[in-house]
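Enquirer: got a predicted structure plus its sequence, pasted below:
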Amino acid sequence: MDALERIKKQVTENPIIIYMKGTPDFPQCGFSARAVQAIKACDVPFAYVNVYEDEEIYRALPKFANWPTFPQLYVKGELIGGCDITLDLYQSGELQKMLKEAVGEKKAA
């Protein structure tokens with residue numbers, strides 16, 4: 001399976017997934033750290049991919065959604081955005097609602 005197929009499978013199978021530099025417990029860039037902090041504050045389970053551990057994903061992800069930077073947050077298979085968008089959504093209260101709905105739909109399915 002090529003990298004684009006793997007990405008498609010990951011974003012389809014995980015209601016919330018962030019592609020980031022590092023891990024949620026040990027982020028390796030400030031943008032990834034802030035984005036993951038906002039997601040963790042929503043108190044929902046989420047998946048992650050450390051792009052530093054998978055060079056194919058690191059190279060293919062910007063092409064997948066035409067988004068050149070990391071982190072990238074996907075909810076229900078759709079790109080939400082990077083750090084700034086994630087933080088804006090969190091501050092407005094939209095992120096919490098969006099993530100709870102994504103997890104709720106998974107449980108109901």
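Expert: Arrived safely.

Enquirer: for the nearest residue to Thr69 once chain neighbours are set aside, which residues are in contact?
Expert: Among residues not flanking Thr69 along the chain, Gly82 sits closest, at 5.5 Å (CB to CB, 6 or more residues apart in numbering). All C-beta atoms are positioned from the backbone trio N, CA, C, and that covers glycine. Neighbour list for Gly82: Phe31, Ala35, Trp67, Thr69, Phe70, Pro71, Gln72, Leu73 [criterion: CB atoms under 8 Å, 6 or more residues apart in numbering].

Enquirer: please redo it, this time with the cut-off set to 7 Å
Expert: When the contact criterion is CB atoms under 7 Å, 6 or more residues apart in numbering, the partners of Gly82 are Phe31, Thr69, Pro71, Gln72.

Enquirer: which one of those residues has the most neighbours?
Expert: Scoring the contacts of Gly82 on neighbours with other CB atoms under 10 Å, the highest-scoring entry is Gln72 at 28 neighbours.

Enquirer: and the closest residue to that residue other than its chain neighbours, helix, strand or coil?
Expert: Leaving aside its chain neighbours, Gln72 sits nearest to Tyr19 (4.6 Å; criterion: CB to CB, 6+ apart). Here Tyr19 is recorded as strand under DSSP: H, G, I helix; E, B strand; the rest coil.

Enquirer: what does the model give Tyr19 for pLDDT?
Expert: Per-residue pLDDT puts Tyr19 at 98.

Enquirer: next one: Cys42
Expert: pLDDT, Cys42: 97.
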